[in-house]
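Visitor: Okay, sequence plus prediction incoming.
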Amino acid sequence: PGDYSESEPGILVGDVVPDTTAAEAGLKAGDRLVKWNGTNLTTIESWMGLLAQHSPGDKVTIEFVRDGKTQTATATLRGRERRDQ
């Protein structure tokens, strides 16, 4: 997430790291996630609840806004890798 204090609905993508679910789905910094499997995203907290219902390997449909245009992508969720190993 790009900004945890925003009041605009949706979730601003702050950065996309290569070789992650977001990168593989084609998301870019500045995109705004607005739907997750058809459910409107209003806050980061609402998205975390939806994300927690999934497991690595699940496919989800994401709607996002880029340059004023709504686009759709399918993402295959991956487990979060530990960086302290």
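Guide: Looks like it came in fine.
Visitor: Now do the contacts for the closest residue to Val13 other than its chain neighbours.
Guide: Spatially, and ignoring its direct neighbours in sequence, Val13 is nearest to Asp31 (4.4 Å; Cβ to Cβ, 6 or more residues apart in numbering). Every C-beta, even on glycine, is put in place using the N, C-alpha and C of the backbone. By Cβ atoms under 8 Å, 6 or more residues apart in numbering, the contact set of Asp31 is 12-13, 64-66.
Visitor: what about 6 Å?
Guide: With contact taken as Cβ atoms under 6 Å, 6 or more residues apart in numbering, Asp31 is in contact with 13, 64, 66.
Visitor: Just the ones in strands from those residues, please.
Guide: Assignment to strands by DSSP state E places the following of these there: 64, 66.
Visitor: Buried ones only from the contacts of Asp31, please, as a PyMOL command.
Guide: What follows is the PyMOL syntax for the buried subset of the contacts of Asp31, where burial is set by 16 or more other Cβ atoms under 10 Å:
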select buried, resi 13+64
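Visitor: will you turn the contacts of Asp31 into TSV that also has pLDDT and distance to Trp47?
Guide: Formatted as TSV, the entries for these read as follows, by pLDDT from 0 to 100; distance: Cβ to Cβ, whole Å:
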residue	pLDDT	distance to Trp47
Val13	93	11
Phe64	97	12
Arg66	96	18
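Visitor: Trp47: how many residues sit nearby?
Guide: Burial of Trp47 is recorded as 17 neighbouring residues (other Cβ atoms under 10 Å).
Visitor: Brilliant, that's me finished.
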